[in-house]
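S.K.: Sequence first, predicted coordinates after that:
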Amino acid sequence: MDDPAKRDHSETRLETARRAFSPRGKPPVPDGTPAEISRDIVWEAREPLPLARHTAPAPARPAPDPGKHRLVVLGDSLTQGFKSFAIRDSKLSWPKIVADHGGITDFRYPWFDGPESCAGMPLNLEAIVKDVYWPDTILDIREDARLFDDFRRLMDDVEDYWERGDGAQAVNYVDEAAQVGRKLDGVNHNLAVWGMDIRDALSLDISRLRKRITSSPNRGDQSLNQFVSAAYERSAMITLKGGGNRDTPVSLAQALGEEKGIETLIVALGANNILGTVIDFQIHWTDEHDYADVDRTAKPRYNAWTPEHFRKEFDALLAEVKKIKADNVIVFTVPHVTIVPMVRGVGTKMPGDRYFARYTRPWIPDHLFNANRHDCLTGDELRVLDFAVDQYNDHICAQVGQLDQPKGQRWKVLDVAGVLDRLAYRRYLIDDEAQPTWWEPTTFRMPSASCRRSRTPGSSAPTGSAGSAGPRAGCSPWTASTRRRWATRSWPAR
């Protein structure tokens, strides 16, 4: 045994821990991880595409062709405007906001305005929180019974509206019109549907939607199960308004391109090929034979596409997108599953590692979390999933980059995954040791309280500026010390 008096005590305990747990070799992978991920996985995150930094004014663009469709979008929940567990305010979706700022006045998108008591589908939690009277205590049996009855009434209203009321009539109208034929003057420009993966965008047509809705096992006015049956299919049917029996979102985009041409086409698909893992908190990788089964006899079993299977699906999508007559095509990368607000890291991170030991539901705080009772995934499992997404995005960037033609059809990648990674607060911004080699230190100019309070009348800008004299007149930088104070809430006394 060595002599404690002769030990080297120059390192602090934190430095010793960092040295002991520094990444070596390959990261550990859970059982059942696909072979290609086990073979290629690395510790560091994929390096995003460089951020665009425009130092010169953009060149003048020709006036848009009024005869073309200015903007057409293929996507999933984020693109459609899904929030609070419902598709409701589709006018607040980012494509509609972009269209408004771009002066596109004829941008068409689906509406989900009913029922009046709790608008949206399948169930608008925001409306429930706002409209239900909450008791002061949960110990009053009468108030608890009243609250339960309010919930049951709201859910019954939503189910009745979409299965038997005006919402059902809207679905039936699209269905009946589809059997007559395609009507392009009614086709939406926002063709995104929440929950849609790549295969559904290619193959889930109106005839298949009709079959699923009419054969749903939970349809009908049930006293216990009061969720809307086939909610995904009903919202997809409304989104595909104007299409024919065999139309899908991709085929309708092709039809709009054939009709007038499209100025800008945006493709934001692929997230739902892996997002189900952090909804179910289970990982089921695709099998070689039936992952592309759109008729759902086997496909619902899977919630994570292996990189090989994703590449095949994306290549099939790209082959169809190439047929769309669009001047500009912008393809989004897939966000990491740990970045979207579906999971939350609990406990602490190992020094220099970007992952927490466990991830659980975002509403479960650290002091209440119990790995034996709550749904959770390990940090190693999330690392594997994020690496699969890195493989997805490498393929997207490689394939789309080959198609760009400076004097013809323009193809560009918007690296959404990279943008969100640069904003990862708990992962990178407050943990300098976990920052990868490609990390670009950025100073964020945050407006001070006086900047927010004092504004010039008629102007949206604060009177102070970054160059103004005095700390209260300008905007303080988001420094490393500020990050640590924010993380620990250890602000100096004022």
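M.R.: Right, received. Where do you want to start?

S.K.: Least confident secondary structure element in the chain?
M.R.: strand 475-477 (a mean of 41; mean pLDDT, DSSP states H and E).

S.K.: Which parts of the stretch 151-300 of the chain are helices?
M.R.: 166-180, 198-203, 206-214, 231-239, 249-259, 277-280 (DSSP state H, counting those that start in this stretch).

S.K.: Could I get the average pLDDT for the third one?
M.R.: Computed over helix 206-214, the mean pLDDT rounds to 95.

S.K.: Report the inter-axis angle for that helix versus helix 231-239.
M.R.: Our comparison of helix 206-214 with helix 231-239, counting by axes from the mean of the first three to the mean of the last three CA atoms, to 10 degrees, yields an angle of 140 degrees.

S.K.: and helix 206-214, what other elements does it pack with?
M.R.: Packed against helix 206-214, as judged by 3 or more CB pairs under 8 Å, 6 or more residues apart in numbering; DSSP states H and E, are the following elements: helix 166-180, helix 231-239. Placement of C-beta: from N, CA and C, glycine included.

S.K.: With distance to Ala268 and mean pLDDT added, can I get those in a markdown table?
M.R.: As requested, those are exported to a markdown table (distance: least, CB to CB, whole Å; pLDDT from 0 to 100):
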| stretch | distance to Ala268 | mean pLDDT |
| --- | --- | --- |
| helix 166-180 | 23 | 94 |
| helix 231-239 | 14 | 96 |
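
S.K.: so which of the ones you listed gets nearest Val193?
M.R.: When those are ranked by distance to Val193, counting by CB to CB, first place goes to helix 231-239 at 4.5 Å.

S.K.: Check which residues of the closest one are buried.
M.R.: Using 16 or more other CB atoms under 10 Å as the burial criterion, the residues of helix 231-239 that qualify are Ala231, Tyr232, Glu233, Arg234, Ser235, Ala236, Met237, Ile238, Thr239.

S.K.: Let me know the closest of those residues to Val413.
M.R.: Within these, proximity to Val413 (CB to CB) peaks at Thr239, which comes in at 25.0 Å.

S.K.: Leaving out the residues flanking it, which one is nearest to the closest one?
M.R.: Counting by CB to CB, 6 or more residues apart in numbering, the nearest residue to Thr239 once its immediate chain neighbours are dropped is Pro110, at 4.7 Å.

S.K.: where along the stretch 301-450 of the chain do the strands fall?
M.R.: Residue ranges of the strands in the stretch 301-450 of the chain, as given by DSSP state E, counting those that start in this stretch, are 326-332, 344-349, 356-360, 376-378, 410-414, 445-447.

S.K.: quick one: average confidence on the last one?
M.R.: Translated: strand 445-447. Along strand 445-447, the predicted confidence averages to a pLDDT of 51.

S.K.: cool, and the second one?
M.R.: In this model, strand 344-349 carries a mean pLDDT of 88.

S.K.: hang on, the earlier thing: what's the most buried one of the helices of the stretch 151-300 of the chain?
M.R.: helix 231-239 (a mean of 25; mean count of other CB atoms under 10 Å).

S.K.: Next, the angle helix 249-259 makes with that helix.
M.R.: Per the same axes, to 10 degrees, the angle that helix 231-239 makes with helix 249-259 is 10 degrees.

S.K.: related to what we said a few turns ago, would you list the helices of the stretch 151-300 of the chain in CSV and tack on distance to Ala86?
M.R.: Compiled in CSV, the helices of the stretch 151-300 of the chain are given as follows (distance: least, CB to CB, whole Å):
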stretch, distance to Ala86
helix 166-180, 12
helix 198-203, 19
helix 206-214, 18
helix 231-239, 9
helix 249-259, 20
helix 277-280, 15
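
S.K.: looking at those helices, which is closest to Lys349?
M.R.: When the helices of the stretch 151-300 of the chain are ranked by proximity to Lys349, the top entry is helix 277-280, at 18.0 Å, counting by CB to CB.

S.K.: okay, now the domains of this structure?
M.R.: Using automatic domain parsing, the domain ranges for the chain come out as 33-49+261-443, 81-101+113-257, 445-477.

S.K.: which residues does Val294 contact?
M.R.: By CB atoms under 8 Å, 6 or more residues apart in numbering, the residues touching Val294 are Arg199, Asp200, Leu202, Ser203, Leu204, Arg208.

S.K.: Please apply the same query to Glu381.
M.R.: Residues near Glu381 by CB under 8 Å, 6+ apart: Pro30, Ile283.

S.K.: ok so, going back, just put the helices and strands packed on helix 206-214 in TSV and tack on distance to Ala371.
M.R.: Converted to TSV, the helices and strands packed on helix 206-214 look like this (distance: least, CB to CB, whole Å):
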stretch	distance to Ala371
helix 166-180	41
helix 231-239	31
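
S.K.: Relative to Leu51, which of the ones you listed is closest?
M.R.: Ranking the helices and strands packed on helix 206-214 by distance to Leu51, with CB to CB as the measure, places helix 231-239 first at 32.7 Å.

S.K.: Remind me what that closest one packs against, helices and strands.
M.R.: Using 3+ CB pairs under 8 Å, 6+ apart as the contact criterion, the elements in contact with helix 231-239 are strand 121-122, helix 166-180, helix 206-214.

S.K.: Secondary structure element for Arg142, which one?
M.R.: With the criterion set as DSSP states H and E, the secondary-structure element containing Arg142 is helix 141-164.
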